[in-house]
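K.L.:
here is a sequence together with a model predicted from it:
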Amino acid sequence: MGGKAAPPRGGQEAPHILHLHSTFAAGGKELRCVRLINAFGAGVRHTIVSATPDRMDAAQLISRDIPVSYPQNVPSLQGAPTPGRLQKIARALAGYDLVLTYNWGAMDAVMAHTLFGEAMGLPPLIHHEDGFNEDELNRLKTSRNWFRRIALGRASGLVVPSEKLEEIALVTWAQPLGRVKRIANGIDTMTFAKKPRPDALRAVVKRKGEHWVGTMAGLRTVKNLPRLVRAFAALPDDWQLVIVGEGPEEDAIRAEADRLDIGHRLHMPGFVPDPARYVGLFDIFALSSDSEQFPISVIEAMAAGVPVAAPAVGDIADMVTDLNQPMIVTPGNDDALSDALVLLASQPELRKQIGQANRDKARAQFDEKKMIDSYLRLYASAMGRATLV
């Protein structure tokens, strides 16, 4: 259950929040969750459960003074949604002040809360949706749409980061306007202002005269990083490709680089925490995903003053500055992504201009204070509290 927390200001007992994740790997939604947990401070207790218990990489980034526990005896979030199984999940939600669920992998818990929450006196629940995996890339599954409609019926809120997801929630999932809350992802933009050391990635050192195309992503199929390898292959020999992250697609990415005879220009240092220390080493930040919504990594690159080349998925085209928008290309088009990289690689002054414009926009619109304040108000309101901390 974690350590004892100091009571928050105002004399109320410290709230205890249960987080149910599809995975707690160090991806975008998990890193946002960590940022919020750290921002709430030691006056809030947290219990974190992952539907894939072996993917808990983000846990190492939670501040040590935060009271947090990782129970192993919670019913699995995966399996057939039978009444008996959902009832077991519902019992596990009792005793907390707030339940937070994340993505499709935790939707059975949302359904359990709707079916049994009133009878069991369960705490309020807020669900978060950040995007879709490979099985719903081209078309959302009708069965899942209906399941979400029903499951979300008693949720106190449905949080989405992007305009696209907001539309899906309102139209496809038929959620009432008052339940859907769009909160844009944010970061501590000022921490990205400092010029990084050439050895900030440790395993890969940026040498004089080198230029880097870089990305940060979980190495999953939906990120389609072999596409980025193909798009990068047209760049001159003084350009290197740096892919920060870990996951099951590592071998496929390396194999594609070897096939194109650029394996010696591909660097994969694994997951590296604290991107503010190294994102500024990238001369171009690139994504090649089949699906994104409002990727935090794009905001981080912008805050570091880096131009972005990416497919126009989710809200990416609206996130970057107007000067950067021509480099946000048709989704699924390898040649268009390659052309964007070649253009940026050949024009250092353009990279500088775009990078500065991106930095200014990130500081003006995507600083984390606005995001944190929005979550604080939402969570406190759901619990009927004047303040969370």
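P.N.:
In hand now; what should we look at?

K.L.:
so which residues of the protein form strands?
P.N.:
Assigned by DSSP state E, the chain shows strands spanning 16-21, 45-50, 68-69, 98-102, 125-128, 157-160, 180-182, 211-216, 239-244, 266-270, 284-286, 308-311, 328-329.

K.L.:
of those strands, which is nearest A380?
P.N.:
A380 lies closest, by CB to CB, to one member of the strands of the chain: strand 98-102, at 9.3 Å. In this view, the C-beta of every residue, glycine as well, is placed from N, C-alpha and C.

K.L.:
which strands and helices sit next to the closest one?
P.N.:
Packed against strand 98-102 by the contact rule (3 or more CB pairs under 8 Å, 6 or more residues apart in numbering; DSSP states H and E) you find strand 16-21, helix 107-120, strand 125-128, helix 368-382.

K.L.:
how about 10 Å then?
P.N.:
Contact analysis of strand 98-102 by 3 or more CB pairs under 10 Å, 6 or more residues apart in numbering; DSSP states H and E lists strand 16-21, helix 28-40, strand 45-50, helix 107-120, strand 125-128, strand 157-160, helix 368-382 as its packing neighbours.

K.L.:
now these in a markdown table, with mean neighbour count and mean pLDDT?
P.N.:
Below are the helices and strands packed on strand 98-102 laid out as a markdown table (neighbours: other CB atoms under 10 Å; pLDDT from 0 to 100):
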| stretch | mean neighbour count | mean pLDDT |
| --- | --- | --- |
| strand 16-21 | 24 | 97 |
| helix 28-40 | 21 | 93 |
| strand 45-50 | 23 | 96 |
| helix 107-120 | 21 | 97 |
| strand 125-128 | 25 | 98 |
| strand 157-160 | 24 | 97 |
| helix 368-382 | 17 | 95 |
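
K.L.:
to N324, which of those lies closest?
P.N.:
Here helix 28-40 is closest among the helices and strands packed on strand 98-102 (CB to CB), at 19.6 Å.

K.L.:
distance between the closest one and the chain's centre?
P.N.:
10 Å (CA atoms, centre = their mean, to the nearest Å).

K.L.:
and for stretch 66-77?
P.N.:
Here stretch 66-77 is found 21 Å from its chain centre; the criterion is CA atoms, centre = their mean.

K.L.:
with stretch 239-255 instead?
P.N.:
Worked out by CA atoms, centre = their mean, stretch 239-255 lies 19 Å from the chain centre.

K.L.:
in that stretch, what's buried?
P.N.:
Within stretch 239-255, the residues that count as buried by 16 or more other CB atoms under 10 Å are 239-247, 249, 253-254.

K.L.:
and S22, what's its pLDDT?
P.N.:
Per-residue pLDDT puts S22 at 89.

K.L.:
so it touches C33, yeah?
P.N.:
No. Using CB atoms under 10 Å, S22 is not in contact with C33, being 11.7 Å away.

K.L.:
spit out the residues that contact those two alike.
P.N.:
With contacts defined as CB atoms under 10 Å, 6 or more residues apart in numbering, the residues shared by S22 and C33 are Y102.

K.L.:
follow-up on the earlier one: distance to I262 added to the helices and strands packed on strand 98-102, as TSV?
P.N.:
Converted to TSV, the helices and strands packed on strand 98-102 look like this (distance: least, CB to CB, whole Å):
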stretch	distance to I262
strand 16-21	36
helix 28-40	27
strand 45-50	35
helix 107-120	41
strand 125-128	38
strand 157-160	38
helix 368-382	36
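
K.L.:
I66: which of these is closest?
P.N.:
helix 28-40 (5.9 Å).

K.L.:
just want the angle from that closest one to strand 98-102.
P.N.:
Here helix 28-40 runs at an angle of 150 degrees relative to strand 98-102 (axes from the mean of the first three to the mean of the last three CA atoms, to 10 degrees).

K.L.:
which residues of this protein score low on pLDDT?
P.N.:
Confidence mapping of the chain against pLDDT under 70 gives the ranges 1-12, 137.

K.L.:
how close does the closest residue to L219 other than its chain neighbours get to T221?
P.N.:
Spatially, and ignoring its direct neighbours in sequence, L219 is nearest to G247 (3.2 Å; CB to CB, 6 or more residues apart in numbering). According to CB to CB, to the nearest Å, G247 and T221 sit 9 Å apart.

K.L.:
again with V159
P.N.:
Between V159 and T221 the computed distance is 25 Å (CB to CB).

K.L.:
and if you look at T172?
P.N.:
23 Å.

K.L.:
that older thread, in this structure the residue nearest to L219 contacts T52, no?
P.N.:
No. Look at G247 against T52 with CB under 10 Å: they stay out of range, at 11.8 Å.

K.L.:
so what sits against both of those two?
P.N.:
Common neighbours of G247 and T52 (CB under 10 Å, 6+ apart) are A25.

K.L.:
ok so, going back, for the residue nearest to L219, give me its contacts.
P.N.:
Residues near G247 by CB under 10 Å, 6+ apart: 25-27, 55, 217-221, 223, 225, 253, 270-271.

K.L.:
closest to V342 out of those?
P.N.:
Among those, and counting by CB to CB, the member closest to V342 is L225, at 18.6 Å.

K.L.:
surely the closest one meets A217?
P.N.:
Yes. Counting by CB under 10 Å, L225 does reach A217; the two are 6.7 Å apart.

K.L.:
overlap in contacts, those two.
P.N.:
Counting by CB under 10 Å, 6+ apart, the common neighbours of L225 and A217 are 243, 245, 247, 249, 286-289.

K.L.:
R220: what's it in contact with?
P.N.:
23, 25, 27, 133-134, 245, 247-249, 289.

K.L.:
now L378: how far from I126?
P.N.:
L378 sits 7 Å away from I126, going by CB to CB.

K.L.:
shared neighbours of those two, anything?
P.N.:
Counting by CB under 10 Å, 6+ apart, the shared contacts of L378 and I126 are 156-157, 159, 181.

K.L.:
verify the stated contact: A26 with I62.
P.N.:
No. The pair A26 / I62 is not scored as a contact, 11.4 Å apart, by CB under 10 Å.

K.L.:
of these two, which one has the most company?
P.N.:
In this view A26 and I62 are compared by other CB atoms under 10 Å, and A26 has more residues nearby, 23 against 16.
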